[in-house]
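> Fold the stuff below for me.
(one chain, ligands or ions: 1)
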Amino acid sequence: MRWNRVVTVVGAHAEGEVGRVITGGVLDVPGDTMLEKMTYLQAHDELRQFVNQEPRGCAQMTTNLLLPPCAPGADAAFIPMQADGTHAMSGSNAMCVTTVLLETGILPMTEPETVVVLDTAAGLIKATARCLNGKVENVALDFFPAYAEKTDTRIEVEGLGTLNVDVAFGGVFYVMPSAKDLGFTIEPDMAKDMVELGAKIKTAAREQISVKHPEITQFNSIDFVMFTDEVVTEQGILKNATIMPPGRVDRSPCGTGSAARLAAMHAKGQAQIGQKFEMRSTINSHFQASITSETKIGTKTAVIPKISGRAWIYAMMQLGRDPSDPYQHGYTLADTWGTEIEHIIGNCSTHRSTSNL
Ligand SMILES: O=C(O)[C@H]1NCC[C@@H]1O
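Have a look, this model is predicted:
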């Protein structure tokens, strides 16, 4: 075998959402902060294309690049790379990264509890892993501040008319329509319909609502639509369905989406500090969610969410590239990758990358 590129990847999922972790083959990324490193990767897309695009990847997953931390006091850092690009933070992926770090021994595991501080482009995340007999049984994430940009705001959506939505930041910006307002409940057989509805709602929201994080001004666009639903409201059992490019449903209850939802609920007086919620996904997996305290982002009232869930390792793999492979950067096609992203076929990448990653 004569590969000219090899990347070691650990396959993991958190409550059903795949978050693979690159543990070898990439030394570092230029930048003095994780925000700068994320920005570099957004401009030099080769690594993401190599690991996420066909034949080595697929649209329904994230590949997380594990890096040394930049922030003092952090133990590790990660950057989520998804089908539409590189993002600042991800809850289900933070659970996968923490589980991989401890179960593969990159960081020492202590029982019954190990704390891992993760550095991300959106800020520091304290991950508390409950460990038993070498297994990470649960990862509780103490998020950075989440806040509601708008609550109960109306948008006009093609084919749907006027829709009431919340918009909030939980690590990325979410627009959150209620499934009930649209006449459905979040169930597996609604996945395709939610993807189609989500595309229209995201277009409308991006056109009609402007967002800008008060402190990290680079965060200035709505990334995901997350449909919200109630299962048993009185018991705090809720449902989330995050629609991700190029057109698929998050298999987890969505950590950053749950954080954003808690911020919107708190702003509307529907969630109090310490109140516990169970966030369920379209496949009925679940996160535990609560607000630990209130804070400020600039002049905006914000909350500190705590989101916890389980992750499992399912594979150890090496991804490689033969010099004669005509698809050095991989490829995508609209049948499964949709039309929102630019398709790359053949030996060239749309971003003629100068990166040496
Ligand atoms: O849990 C989360 O925050 C992630 N799950 C997929 C979409 C988000 O990145």
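
> C-alpha from now on. contacts and neighbour counts both.
Will do.

> Find the helix or strand that the residue nearest to Ser90 when sequence neighbours are not counted is a member of.
Of all residues not flanking Ser90 in the chain, Thr256 sits nearest, at 5.9 Å (CA to CA, 6 or more residues apart in numbering). Secondary-structure element containing Thr256, defined by DSSP states H and E: helix 255-267.

> and after that helix, which helix or strand comes next?
strand 276-280.

> Show me what that next one is in contact with.
Residues outside strand 276-280 that contact it (CA atoms under 8 Å, 6 or more residues apart in numbering): 235-240, 252-253, 258, 286-291.

> returning to what we had before: anything in the helix holding Thr256 near the ligand?
Yes - judged by CA under 6 Å from any ligand atom, helix 255-267 and the ligand are in contact via Gly255, Thr256, Gly257.

> Over to stretch 168-177?
No - judged by CA under 6 Å from any ligand atom, stretch 168-177 makes no contact with the ligand; its nearest approach is 7.6 Å.

> now the strands: where do they sit in the stretch 201-350 of the chain?
Here the stretch 201-350 of the chain has its strands, by DSSP state E, counting those that start in this stretch, at 222-232, 237-244, 248-249, 276-280, 286-297, 300-309, 311-321.

> Off-centre distance for the third one?
The gap between the average C-alpha position of strand 248-249 and the chain average comes to 12 Å, counting by CA atoms, centre = their mean, to the nearest Å.

> can you check the fourth one too?
When C-alpha coordinates are averaged (CA atoms, centre = their mean), strand 276-280 and its chain have centres 18 Å apart.

> ditto for the last one
Between the mean C-alpha point of strand 311-321 and the mean C-alpha point of its chain there is a distance of 19 Å (CA atoms, centre = their mean).

> what's it packed up against?
Applying 3 or more CA pairs under 8 Å, 6 or more residues apart in numbering; DSSP states H and E, one finds that strand 311-321 makes contact with strand 5-14, helix 91-103, strand 135-142.

> May I have the last one as PDB, with CA atoms only?
Below are the C-alpha coordinates for strand 135-142, written out as PDB (Å, rounded to 0.1, in the frame of the first residue of the first chain):
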ATOM      1  CA  LYS A 135     -16.500   3.000  30.500                       C
ATOM      2  CA  VAL A 136     -17.700   6.600  30.300                       C
ATOM      3  CA  GLU A 137     -21.300   6.100  31.300                       C
ATOM      4  CA  ASN A 138     -22.400   9.700  31.000                       C
ATOM      5  CA  VAL A 139     -21.000  13.100  30.000                       C
ATOM      6  CA  ALA A 140     -22.400  16.300  31.600                       C
ATOM      7  CA  LEU A 141     -21.500  19.500  29.700                       C
ATOM      8  CA  ASP A 142     -21.400  22.800  31.500                       C
END
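
> The ligand contacts on the stretch 201-350 of the chain?
Proximity of the stretch 201-350 of the chain to the ligand (CA under 6 Å from any ligand atom) is limited to residues Asp250, Cys254, Gly255, Thr256, Gly257.

> just the stretch 51-200 of the chain next, same as before
Proximity of the stretch 51-200 of the chain to the ligand, by CA under 6 Å from any ligand atom, involves residues Ser90, Gly91, Ser92.

> pLDDT score for the most centrally placed residue in the chain?
For the chain, the residue nearest the mean C-alpha position is Ser90 (3.1 Å; CA atoms, centre = their mean). Ser90 is assigned 94 on the pLDDT scale.

> so it makes contact with Ala259?
No - the pair Ser90 / Ala259 is not scored as a contact, 10.5 Å apart, by CA atoms under 8 Å.

> Give me the common contacts of those two.
Gly171.

> Quick one: low-confidence residue ranges for the chain.
Residues of the chain meeting the criterion pLDDT under 70: 340-357.

> Swap in 50 and give it another go.
Along the chain, segments meeting pLDDT under 50 span 346-356.

> Mind naming the longest helix for it?
Identified as the longest helix of the chain according to DSSP state H is helix 191-208.

> Please list the residues outside it that contact it.
Contact partners of helix 191-208, identified using CA under 8 Å, 6+ apart, comprise 155-158, 175, 221-222, 224-227, 243, 247-249, 282.

> Go again with 6 Å.
Applying CA atoms under 6 Å, 6 or more residues apart in numbering, the external contacts of helix 191-208 come out as Val157, Val225, Ile243, Gly247, Arg248.

> so how far is Thr339 from the residue lying closest to the third one once chain neighbours are set aside?
Distance criterion CA to CA, 6+ apart; nearest residue to Ile243, sequence neighbours excluded, is Val249 at 4.7 Å. Taken as CA to CA, to the nearest Å, the spacing of Val249 relative to Thr339 amounts to 16 Å.

> Tell me how far Gly11 lies from the ligand.
Here Gly11 is placed at a distance of 15 Å from the ligand (CA to the nearest ligand atom, to the nearest Å).

> Return the residues in contact with that residue.
Arg20, Ile313, Tyr314, Ala315, Met316.
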